[in-house]
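# how does the following fold in three dimensions:
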Amino acid sequence: MRETTAVRGKVQLRPVRPAGWWFDALLLTALVGLTVALAGERLFGIDRAIADWSQSHRPTAAHWIAVVLNHLGQGTPLTLLALALGVLLAVRLRSVRPVLPPVLAFVLSYLTIGPLKVWTARPAPSASVKEPFLPVERTLPLFQDELPLRFAQSYPSGHVANAILWYGVIALLLVPLLRTYGRAVPPRLVTVVRVVPPVVVLCTTTYLGWHWLTDSVAGLLLGLLLDRLLHRVPWDALPLPGAPRDWNRPFISAP
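Numbers count the residues shown, from 1 in each chain. Next up, the predicted model:
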């Protein structure tokens, strides 16, 4: 019998919504524009007004509720949860592919969120009421490189960006994982997982005075951009040189 060789088709990116790269360009343009505006000391009035309102409308009960809810955006627990889901799905399907999304998400966050925080060097609103006890007017500007690093990492909000990125990964893995247990996930539940935690984190991190409103907006823009990049990856068709044949199965389109 003549041996036939399968020809692998061209690997195509997965679709995202809205479709096309125009929305990615819009997100990036908005992020750059927001950064330029803040560098020119614009939008400070809005940031200051929101921070002052939050401080004057923050009773003890509301403060602690917001603190608890803000833990939804903790990067390390979300990373470990996503990785655990990926490993569990990899074992159940005997495939290395489910581990790749959390790995790429970690690389994307490591190469973008942290470096942007260091580069922009902006204090948080709370920097005027606790260390380093800056004058109020000095808590708003970017590029305060003379401050110790731990006091100038507010822009963009890592909690917001991480929440968007990691809950997107969790949703991506949760659907096929539950499918291996014979359970279907309603599309609305996937939307809730991807939308509700980032919205809660954005509101609480701003309300608590841990970030300026524009920090949170910048985190939102960056998180959406990274999320779209990650969801474009054709995980099931991605070439894996040297991967064992039995551990190269698809997971998104697997029955």
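# mind jotting down where the helices sit in the protein?
22-39, 44-56, 60-70, 75-93, 100-120, 158-180, 187-207, 213-232 (DSSP state H).
# tilt between the shortest one and helix 44-56?
With axes from the mean of the first three to the mean of the last three Cα atoms, to 10 degrees defining the directions, helix 60-70 sits at 120 degrees from helix 44-56.
# and helix 60-70, how far out from the chain's middle?
Distance of helix 60-70 from the chain centroid (Cα atoms, centre = their mean, to the nearest Å) equals 22 Å.
# over to the longest one?
Its chain's average C-alpha position is 10 Å from that of helix 158-180, according to Cα atoms, centre = their mean.
# just use 787 as the starting number from now, easier for me
Okay, residue one is now 787; in that scheme the one you just asked about reads as helix 944-966.
# in that helix, what counts as buried?
944-963, 965 (16 or more other Cβ atoms under 10 Å). Any C-beta I mention is one placed from the backbone N, CA and C, and that applies to glycine too.
# mind giving me the packing neighbours of it?
helix 861-879, helix 886-906, helix 973-993, helix 999-1018 (3 or more Cβ pairs under 8 Å, 6 or more residues apart in numbering; DSSP states H and E).
# figure out which of those helices is closest to residue 1037.
Among the helices and strands packed on helix 944-966, helix 861-879 comes nearest to residue 1037, with 5.5 Å by Cβ to Cβ.
# what's the angle from that closest one to helix 886-906?
160 degrees.
# circling back to that earlier point, let me have the helices of the chain in JSON lines, extended by mean pLDDT and distance to residue 933.
Shown next, in JSON lines, are the helices of the chain (pLDDT from 0 to 100; distance: least, Cβ to Cβ, whole Å):
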{"stretch": "helix 808-825", "mean pLDDT": "97", "distance to residue 933": "16"}
{"stretch": "helix 830-842", "mean pLDDT": "95", "distance to residue 933": "17"}
{"stretch": "helix 846-856", "mean pLDDT": "96", "distance to residue 933": "23"}
{"stretch": "helix 861-879", "mean pLDDT": "95", "distance to residue 933": "22"}
{"stretch": "helix 886-906", "mean pLDDT": "96", "distance to residue 933": "11"}
{"stretch": "helix 944-966", "mean pLDDT": "95", "distance to residue 933": "17"}
{"stretch": "helix 973-993", "mean pLDDT": "95", "distance to residue 933": "20"}
{"stretch": "helix 999-1018", "mean pLDDT": "97", "distance to residue 933": "16"}
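# got phi/psi on residue 1020?
phi -80, psi 80 (degrees, to the nearest 10).
# if I look at it, how far off is residue 817?
Distance, residue 1020 to residue 817, by Cβ to Cβ, to the nearest Å: 26 Å.
# residue 809 now?
Counting by Cβ to Cβ - residue 809 and residue 817 are separated by 13 Å.
# same question for residue 893.
19 Å.
# then residue 959?
27 Å.
# repeat for residue 922
26 Å.
# so those two - more neighbours on which side?
residue 817 (20 against 13; other Cβ atoms under 10 Å).
# next up, the contacts around the closest residue to the more buried one other than its chain neighbours.
Spatial nearest neighbour of residue 817, excluding adjacent residues (Cβ to Cβ, 6 or more residues apart in numbering): residue 1007 at 4.3 Å. Residues in contact with residue 1007 (Cβ atoms under 8 Å, 6 or more residues apart in numbering) are 813-814, 816-817, 820, 942.
# most neighbours, which of those residues?
Highest count within the contacts of residue 1007 by other Cβ under 10 Å belongs to residue 942, 29 neighbours.
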